[in-house]
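> Just to be clear, the model below is a prediction. Sequence and coordinates:
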Number of protein chains: 2
Amino acid sequence: MEMKKQILSLKEQVLDDSKIDLDLHKYQNIIVAGMGGSGIAGMILSDLYDGLPVISVTGYQLPAFAGKSSLVIVISYSGNTEEAVSCFTQAKEKGCDSLVITSGGKLSGLSAKVIGIPKNLQPRSAIGYMLMPLLNSFLNLTPEDRKAISSRVSLVFDREPEIRAIAHRIVSERRIPVIIGSGESRSVALRWKTQFNENSKIFAYSTYLPETNHNDTVWMASSNQYPYEVLAFESTDKKINKRIELTQKLTGNKFTIIRTEGNAVERVFSLIAYGDLLSYYVAVEQNIDPEDVSVLVRLKKELA
Amino acid sequence: MEMKKQILSLKEQVLDDSKIDLDLHKYQNIIVAGMGGSGIAGMILSDLYDGLPVISVTGYQLPAFAGKSSLVIVISYSGNTEEAVSCFTQAKEKGCDSLVITSGGKLSGLSAKVIGIPKNLQPRSAIGYMLMPLLNSFLNLTPEDRKAISSRVSLVFDREPEIRAIAHRIVSERRIPVIIGSGESRSVALRWKTQFNENSKIFAYSTYLPETNHNDTVWMASSNQYPYEVLAFESTDKKINKRIELTQKLTGNKFTIIRTEGNAVERVFSLIAYGDLLSYYVAVEQNIDPEDVSVLVRLKKELA
């Protein structure tokens, strides 16, 4: 499927009603293991659900505390990511309850509990399929909730002219995207960064408020920098919006404020849609293929 | 105290034997709340200790799961950081066991359990004082352990010519520092980034392996980037070092490999020392004051 179609399919992906059979009272912590475009789903979950500690593992090793009171959710789009397979094996050895979200591969054969998702997408374009089983289960989303998310996502995709204008500015002025999230959009800011990396093949940086005001604000106040474009997510928290305003004033910058509407989950998906389409157009503006990540494929081969 | 003296004082700071009276069996999770140069201590703890989930809170709100089975450690050098004070108040309301690491301010008056640290340093230069109470307690460090850390730190400070050469290259070629950590050095890479931001007033970016190979590697393979300097921390894990080597080969880059010796804690402090001195010299090479972070002071005033 062409990359733009993959991105636009988010509005169907969020209708997915897959659900994990959860008995949360059994657990003291939730561990979500996964890398890159798969692992980000666990990070976004931890921004939206805080009834238990949700720990993201982005590597080969489960932490020492993983055990019978942990639920380990392993996410790997391909099912073959070596770090994810290693974590799944350790979860079994440590006696953790575990389940896998994958489109196939080794992991689908190893695990008795698999949430299957469609094949033939770039892993980073399957974010809806990887997130919905988590959100349906941990946040008890209803069919109406999912329809509302889908409507919000469609509305964002309708904002193409606004999105293309930002893409054009980033490319024509060679600006480094600096994305500022906060609260429930903290990991979405990171998602934007990785989408700029993979779809647009450009360097990008993400941070989150209020932490941004404890270090990044210093370099932003210094004039001796390469051109950059601050993309700040508007918050529903007045304190955060005041910080966005003051940071612009004190550093002499004009940020691009990204506005979205609805409840926390709707805003998270609206921002995912926005960033996906923006990173796509940053590739288009450079005349490069947004889908190509052949260097990662070569790397995996050389490591194997 | 002059900034370089503050940085060099790390070799004395690590001899600090302050200890928290811990009964870890009481807890299901540890929450470390703190911002910027104070909060990083909690993140480094979570890289070195994984007997329980250690959750960093860098904001105003404790997570919903915080309760009687949580230990909340609030770190604020000044004792007045509004986010940290908010978290301390919530910890009391939720009935969490709590303690404070601070040099004074509001927090020292609010809490019955305070680990006091010396005044008159920049918060980011008191990292030893903020980390040692945590590491002494969670890792049971002995006086011999602390002496060994101090010796390693001194040896790093002796590597000034090597460090100055990197600083000179970063400034004279206007390179963006890209720091790659892994495992126990993951948060130290972030520490380097924030030290470049605050001491050197330059933009910098940090990441960690193996995650780096799932997104950043794509932009590194593209030639259309601003000049950057990859500072990669050598690991004791062969898989990680192989990834460092392959990433250089496949992206056509030459990284600067930062080598340190000793056990995990010794290497962490060696890297802190290295990054502190490097960020100091990047300021010196630009003829700017490494201590000045007046924009953050103005921001705090306008927020209050």
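That came in fine, so what should we check first? Numbering: from 1, shown residues only, chains lettered A, B, ... in the order given.
> How is chain A divided into domains?
As recorded under automatic domain parsing, the domains making up chain A are A:3-141, A:146-285.
> now the last one: how far from the chain's centre is it?
Counting by Cα atoms, centre = their mean, to the nearest Å, domain A:146-285 is centred 13 Å from the centre of its parent chain.
> Chain A: helices as residue ranges?
A:3-8, A:10-13, A:36-48, A:82-93, A:105-110, A:127-138, A:143-157, A:160-172, A:186-198, A:216-220, A:238-251, A:264-285, A:294-303 (DSSP state H).
> right, and those - which one's nearest B:K201?
helix A:216-220 (5.7 Å; Cβ to Cβ). Heads up, the C-betas are built off the backbone N, CA and C, glycines and all.
> and the closest one, what other elements does it pack with?
Secondary-structure packing of helix A:216-220 (3 or more Cβ pairs under 8 Å, 6 or more residues apart in numbering or on different chains; DSSP states H and E): helix A:238-251, helix B:186-198, helix B:294-303.
> Just the mean pLDDT for the longest one, thanks.
In this case it means helix A:238-251. For helix A:238-251, mean pLDDT is 97.
> what sits against A:S270?
Taking Cβ atoms under 8 Å, 6 or more residues apart in numbering or on different chains, we find A:S270 in contact with A:152-153, A:155-156, A:260-262.
> Counting neighbours, what do you get for A:S98?
By the criterion of other Cβ atoms under 10 Å in any protein chain shown, A:S98 has 24 neighbours.
> quick one: it and A:I73 touch, right?
Yes. At 7.3 Å, A:S98 and A:I73 qualify as touching, with contact defined as Cβ atoms under 8 Å.
> Go through the helices of chain A and name the closest to B:D216.
Comparison of the helices of chain A against B:D216 by Cβ to Cβ identifies helix A:186-198 as nearest, at 5.8 Å.
> Does the closest one reach chain B?
Yes. Under the criterion of Cβ under 8 Å from any Cβ of the partner chain, helix A:186-198 makes contact with chain B via A:193-194, A:196-198.
> Could I get the CA-only coordinates of that helix as CSV?
Written as CSV, here are the backbone C-alpha positions of helix A:186-198 (Å, rounded to 0.1, in the frame of the first residue of the first chain):
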residue,chain,number,x,y,z
ARG,A,186,4.5,13.6,25.8
SER,A,187,5.2,10.4,23.9
VAL,A,188,3.3,11.7,20.8
ALA,A,189,6.1,14.4,20.6
LEU,A,190,8.6,11.5,20.5
ARG,A,191,6.4,9.8,17.8
TRP,A,192,6.7,13.0,15.7
LYS,A,193,10.4,12.9,16.0
THR,A,194,10.7,9.3,14.9
GLN,A,195,8.3,9.9,12.0
PHE,A,196,10.5,12.8,10.8
ASN,A,197,13.5,10.5,11.1
GLU,A,198,12.0,7.6,9.2
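> What distance do you get for the closest residue to A:T194 other than its chain neighbours to A:L45?
The spatial neighbour of A:T194 that comes closest, neighbours along the chain excluded (Cβ to Cβ, 6 or more residues apart in numbering or on different chains), is B:N215 at 4.1 Å. Distance, B:N215 to A:L45, by Cβ to Cβ, to the nearest Å: 19 Å.
> got it, and A:I240?
From A:I240 to A:L45 the distance is 21 Å (Cβ to Cβ).
> Equivalent analysis for A:E261, please.
For A:E261 relative to A:L45 (Cβ to Cβ), the value is 22 Å.
> neighbour count winner among the two?
Legend: neighbour count by other Cβ under 10 Å for A:E261 and A:L45, higher for A:L45 (24 against 12).
> Name the nearest residue to that one, ignoring sequence neighbours.
Using Cβ to Cβ, 6+ apart, the closest residue to A:L45 is A:L134 (4.7 Å).
> Mind pulling the model confidence for that neighbour?
At A:L134, pLDDT is 98.
> Hmm, it is touching A:I73, no?
Yes. Here A:L134 reaches A:I73: they are 7.3 Å apart, a contact under Cβ under 8 Å.
> between these two, what contacts are shared?
Joint contacts of A:L134 and A:I73 (Cβ under 8 Å, 6+ apart) are A:20, A:32, A:42, A:101.
> which of those residues sit farthest apart?
It's A:I20 and A:G42 that sit farthest apart of the shared contacts of A:L134 and A:I73, by Cβ to Cβ, at 13.0 Å.
> Need the overlap of contacts for the two.
A:73, A:134.
> The two: which is more packed in?
Taking other Cβ under 10 Å, A:I20 and A:G42 do not tie; A:G42 has more neighbours (26 against 15).
> Report the contact partners of the more buried one.
Contacts of A:G42 by Cβ under 8 Å, 6+ apart are A:32-34, A:54, A:56, A:73, A:75, A:134.
> Nearest to A:S222 among the residues you listed?
Nearest to A:S222 among the contacts of A:G42, with distances taken as Cβ to Cβ, is A:S56, at 32.3 Å.
> Am I right that the closest one is in contact with A:M43?
Yes. Using Cβ under 8 Å, A:S56 is in contact with A:M43, at 5.2 Å.
> Could you name every residue contacting both of those two?
A:V32.
> And A:R267, how far from chain B?
Using Cβ to the nearest Cβ, to the nearest Å, one gets 17 Å for the distance from A:R267 to chain B.
> Residues of the stretch 201-304 of chain A that sit close to chain B?
A:201-205, A:208, A:210-211, A:213-219, A:221-222, A:224-226, A:228, A:239, A:242-243, A:246-247, A:250-251, A:286, A:293, A:295-296, A:298-299, A:302-303.
> rerun at 6 Å
Counting by Cβ under 6 Å from any Cβ of the partner chain, the positions of the stretch 201-304 of chain A adjacent to chain B are A:201-203, A:205, A:210-211, A:213-219, A:221-222, A:225-226, A:246, A:250, A:293, A:295, A:298-299, A:302.
> Quick check: strands, which of the shared contacts of A:L134 and A:I73 are part of them?
Counting by DSSP state E, the part of these found in strands is A:32, A:101.
> quick one: which of the shared contacts of A:L134 and A:I73 is nearest to A:S125?
When the shared contacts of A:L134 and A:I73 are compared against A:S125 (criterion: Cβ to Cβ), the nearest one is A:I101, at 15.0 Å.
> Packing partners of the least confident helix or strand in chain A by mean pLDDT?
Across the helices and strands of chain A, mean pLDDT, DSSP states H and E gives its lowest value to helix A:294-303, namely a mean of 92. If you count contacts as 3 or more Cβ pairs under 6 Å, 6 or more residues apart in numbering or on different chains; DSSP states H and E, helix A:294-303 packs onto helix B:238-251.
> The same query, at a cut-off of 8 Å, please.
So helix A:294-303, by 3+ Cβ pairs under 8 Å, 6+ apart, packs with helix B:216-220, helix B:238-251.
> The residue of the stretch 1-150 of chain A found nearest chain B: how many residues sit nearby?
As assessed by Cβ to the nearest Cβ, chain B sits closest to A:G36 within the stretch 1-150 of chain A, at 2.9 Å. Using other Cβ under 10 Å, A:G36 has 26 neighbouring residues.
> How about it: what's its closest non-neighbour residue?
B:H214 (2.9 Å).
> residue contacts, the one you found?
Applying Cβ under 8 Å, 6+ apart, the residues near B:H214 are A:35-37, A:39, A:194, A:296.
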